[in-house]
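Peer 1: With the sequence up front, the predicted model follows.
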Amino acid sequence: MFAKLVDVLFGCRHARYSFPVTIRGAKARRPEAATLTGTYVACLDCGKEFPYDWQDMKVITSPERHRERLAELAKHAA
């Protein structure tokens, strides 16, 4: 808990990201951030990885909200 508080106060702002990377094939190591969409970006300052959505062209900060949005889109498509 103390580590989370320190991270909130003094942690990285994640302002600079790498170019999106898409993982193809099952043999390659798949980062946890890429499990949601298959594509991820990394913070250039601290190295933390985040899922990336190519459709919206933005970093996914809330995986739960992204899953809800996908479910809603699937419901409208059916």
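Peer 2: Now that the structure is in, tell me what you want to look at.
Peer 1: what residue lies at the spatial centre of the chain?
Peer 2: Of all residues in the chain, the one closest to the mean position by Cα atoms, centre = their mean is Pro51, 1.8 Å from it.
Peer 1: Give me the three-state assignment for that residue.
Peer 2: When classified by DSSP: H, G, I helix; E, B strand; the rest coil, Pro51 comes out as strand.
Peer 1: Does it touch Thr39 like I think?
Peer 2: Yes - with contacts counted by Cβ atoms under 8 Å, Pro51 reaches Thr39, the gap being 7.2 Å. C-beta coordinates here come from the backbone N, C-alpha and C atoms, glycine included.
Peer 1: ok, now how distant is the residue lying closest to Asp45 once chain neighbours are set aside from Arg29?
Peer 2: Spatial nearest neighbour of Asp45, chain neighbours left out: Cys12 (5.2 Å); criterion: Cβ to Cβ, 6 or more residues apart in numbering. According to Cβ to Cβ, to the nearest Å, Cys12 and Arg29 sit 23 Å apart.
Peer 1: do Arg65 as well
Peer 2: 27 Å.
Peer 1: Between the two, which is the more surrounded one?
Peer 2: Arg65 (10 against 6; other Cβ atoms under 10 Å).
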